[in-house]
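Engineer: Give me a model of this one.
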Amino acid sequence: MKFAVLVFPGSNCDIDMLKAVEDVVQQPVDYVWYTSTDLSEYDAILVPGGFSYGDYLRCGAMAQLAPVMQEVRKAAEAGKFVLGVCNGFQILTEAGLLPGALIRNDSLKFRCHQVGLRVENAGTAFTNDYEQGEVVTIPIAHGEGNFFCDEETLASLNKNNQIVFRYAGDNPNGSLDNIAGICNEKGNVVGMMPHPERAVSELLGSADGARMFTSVLNAWRERNGAASIR
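Structural biologist: Presented below is the predicted three-dimensional model:
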């Protein structure tokens, strides 16, 4: 399985994401610059956190216009696996690959600490190695992680089982319905504010994020008729 980690001007979690792939699933992984116009060789595309284009206009608003994002749209439509974390989640919503928007934390403060997450959908490409309803610990680091959408969209997310993670216990940003992560209807595109790539070893305070990476490798292996790593 081959992974791409996108790099935009202002990305700062790209190294963490690449190292997580190398350390957890030990699969080929490349940095892919935002000007790239070909992602055909990759099976999974990871959109990392950071401050793409300095978060000017809105978080992710400029990054979603980068040439590589047209290729991300094609990959998502083709059923390839796409994960957006923090700023990556913001980019995916701005690009229309996921519904809703991420707005300022209700505290108007940057929040950076561990949070509890409840797994609401263990059937996506990135969560199949978790148990339904399991509570895991993964850190956040954001100032604009407050998920918002209209009532119709929220009803659709609930109906289609597109809410992947909810904050368990304290809601750190005022996110609607405690939403921390969502997916598209097919479950191959996932966006979340917490950083699983920063929770792949107990030395980092938690290893709960590692299963995001083993999950997608399992999904790819099952799709291609290979043995999973469960």
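
Engineer: Leaving out the residues flanking it, which one is nearest to residue 2?
Structural biologist: The shortest distance from residue 2 to any non-neighbouring residue, by CB to CB, 6 or more residues apart in numbering, is to residue 28 (4.7 Å). Quick note: C-beta positions are derived from backbone N, CA and C, even for glycine.

Engineer: do residue 201 as well
Structural biologist: Using CB to CB, 6+ apart, the nearest residue to residue 201 is residue 207, at 5.5 Å.

Engineer: Need the phi and psi values for the one you found.
Structural biologist: phi -110, psi 10 (degrees, to the nearest 10).

Engineer: and the gap between the closest residue to residue 187 other than its chain neighbours and residue 144?
Structural biologist: Leaving aside its chain neighbours, residue 187 sits nearest to residue 124 (4.1 Å; criterion: CB to CB, 6+ apart). To residue 144, residue 124 is 24 Å away according to CB to CB, to the nearest Å.

Engineer: Which one of these two is surrounded by more residues?
Structural biologist: For residue 124 versus residue 144, the count of surrounding residues by other CB atoms under 10 Å is larger for residue 124: 28 against 19.

Engineer: so what's the more buried one scoring on pLDDT?
Structural biologist: Note for residue 124: predicted pLDDT of 96.

Engineer: if we can go back for a sec, could you check how many residues crowd around the residue nearest to residue 2?
Structural biologist: Neighbour tally, residue 28, other CB under 10 Å: 13.

Engineer: how about it, what does it touch?
Structural biologist: Taking CB atoms under 8 Å, 6 or more residues apart in numbering as the contact definition, residue 28 lies against 1-3.

Engineer: If we use 10 Å, what do you get?
Structural biologist: With contact set as CB atoms under 10 Å, 6 or more residues apart in numbering, residue 28 has these partners: 1-4, 21-22, 41-43.

Engineer: out of the residues you listed, which one sits closest to residue 212?
Structural biologist: residue 21 (10.4 Å; CB to CB).

Engineer: So the closest one sits against residue 209, correct?
Structural biologist: No. Counting by CB atoms under 10 Å, residue 21 does not reach residue 209; the two are 11.8 Å apart.

Engineer: shared neighbours of these two, anything?
Structural biologist: Jointly contacting residue 21 and residue 209 under the rule CB under 10 Å, 6+ apart are 197, 200.

Engineer: Tell me where the chain has strands.
Structural biologist: Assigned strands in the chain, in chain order: 3-7, 29-33, 44-47, 81-85, 101-103, 111-119, 135-142, 146-148, 163-167, 179-183, 189-192 (criterion: DSSP state E).

Engineer: got the buried residues for the top helix by length along the chain?
Structural biologist: For the chain, the longest helix by residue count, based on DSSP state H, is helix 210-223. Buried residues in helix 210-223, counting neighbours by 16 or more other CB atoms under 10 Å, are found at 210-220.

Engineer: isn't the residue nearest to residue 201 right next to residue 213, touching?
Structural biologist: No. Counting by CB under 10 Å, residue 207 does not reach residue 213; the two are 11.0 Å apart.

Engineer: what is in contact with those two at once?
Structural biologist: Common neighbours of residue 207 and residue 213 (CB under 10 Å, 6+ apart) are 24, 200.
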